[in-house]
Structures are given as C-alpha cells and as structure tokens.
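A.B. asks: Mind looking at a prediction? Sequence and model below.
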Amino acid sequence: MSRNSPVSGGRALEAALNAVGKRIATQAIRSGLTAAANPVMAEAKLRASGWSPKVAAAITKGSSRKNQDGTFSIRIYVDERKPDGYLGFFGEYGVAPHLIARTGAKQGRVAVRKAAEGTGSVTLRPMKIGDRFVSGIIHHPGHAAHPFMRVALDTTVDASIAAFRDKVVAAIEKKTGFNALAGMDEAA
C-alpha cells in the first residue's frame, strides 16, 4: 500500500519491530496484514453484492506470507472454486462483444468470424445455454466492467493502514508489554 499512498511513521514502526525479537516481529506483521485485509474485503463484498451476490460470497482472503525478498503480503481474491466465483473476473474487467458457436474439429474463432461475415462456413452443432438448446452463431453483446476489487482497495487504504498499525502495536504490547505507540506520532 505504501507504494501508492503516502505513509508516515514507518521508520518508528520499523524501529519498534527491530527492538523485539524476529519471531515476535514476524507474528505482529502477519497479524497486522490479516487485520488490514478485513476492511478491503468487506468493501469488495459490499460493492460486488450489487452486481452478483454469489460473487460477493466468493470473495475471500488468503494467509499472510513472507516473500522471497523479505517483504510480507496477503491476497484478497475471488475464489473461483465457489459457485459463480469465476464470474468475478468478468465483472471486474468486463467482456468485449464476441461470437459464440459450437463448431467441428479444427474450426476456431477465425472460422466462426468469417462465417458470421458471410465469407466462410463452419459446421454448427447444438449447444445448451440455460435451459434451451440453440445452434448457429450467436452474437454476445458483452458488458461493461463493474470493478469492485480495485475500487475497494482505493477507498479503504486509510482504514487498512490504521487497522495494520493498531494490530501490530497490540501484538507487540501483548507479547512484550512494550507500548510501540509511545514513540510514534503517526504510525504506518
């Protein structure tokens, strides 16, 4: 988050984390990341629920992890294994107009496009869309993007930073009795 939004007090927080042991610092950072992910995930679920309640239910967060470069990260994502979770990508980025056809072997989208333009032919087979069987070339109009993940991060940056700070300070104070906020005016 600090790459896109200014964060103050990072050096004081880093000094407090360096003052405690490596294990305690790692635990504090990981629990802070989990707390920081909660406002983003809640906002993403709220924004996605207007578009698709099933996609909103599929939004989840992963475990915080330490990267190879020594930084920590956590992932908030639409779980594609849940019902209609795969639609999250289409909702976030939209779908361009395209043609749909069930064709024979070795007849790809170029053959379908040429057949739709009237300059070629394809072997058309029936396909099921919903409860109906249809055949032929179907023009899907596409739909506009309804971003919910990126917007959720942009709108909850301050709340996430505050949640991270509070959780890290509480974790350090719980383990050591040291109040990390005493040395910070504005913490990250």
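C.D. replies: Received the coordinates, thanks. On a predicted model such as this, the values are computed, not experimentally measured, just so you know.
A.B. asks: can you pull the contacts of the most centrally placed residue in the chain?
C.D. replies: Here the mean C-alpha position of the chain is nearest to the C-alpha of Tyr77 (C-alpha atoms, centre = their mean), at a distance of 3.6 Å. Neighbour list for Tyr77: Ile59, Thr60, Lys61, Gly62 [criterion: C-beta atoms under 8 Å, 6 or more residues apart in numbering]. For every residue, glycine as well, the C-beta is placed using N, CA and C.
A.B. asks: 7 Å - rerun?
C.D. replies: When contacts are counted by C-beta atoms under 7 Å, 6 or more residues apart in numbering, Tyr77 touches Thr60, Gly62.
A.B. asks: Does it belong to a helix, a strand or coil?
C.D. replies: Here Tyr77 is recorded as strand under DSSP: H, G, I helix; E, B strand; the rest coil.
A.B. asks: Would you mind measuring from it to Lys174?
C.D. replies: 30 Å (C-beta to C-beta, to the nearest Å).
A.B. asks: quick revisit: what's opposite the residue nearest to the centre of the chain in the beta bridge?
C.D. replies: Thr60 (DSSP bridges).
A.B. asks: would you say Arg23 is within a helix?
C.D. replies: Yes: judged by three-state DSSP, Arg23 forms part of a helix.
A.B. asks: quick one: low-confidence ranges for the chain?
C.D. replies: 1-10, 104, 178-188 (pLDDT under 70).
A.B. asks: Domain map for it?
C.D. replies: Domains of the chain are assigned by automatic domain parsing as 10-92+144-183, 97-140.
A.B. asks: Point out the most buried one among the ones you listed.
C.D. replies: domain 10-92+144-183 (a mean of 17; mean count of other C-beta atoms under 10 Å).
A.B. asks: Please, where are all the helices along this structure?
C.D. replies: 10-19, 22-49, 53-58, 87-93, 109-117, 149-155, 157-176 (DSSP state H).
A.B. asks: Out of those, which is closest to His139?
C.D. replies: helix 109-117 (7.5 Å; C-beta to C-beta).
A.B. asks: How far away from the center of its chain is the closest one?
C.D. replies: 35 Å (C-alpha atoms, centre = their mean, to the nearest Å).
A.B. asks: Same check on stretch 154-161?
C.D. replies: For stretch 154-161 - counting by C-alpha atoms, centre = their mean - the centre lies 14 Å from the chain centre.
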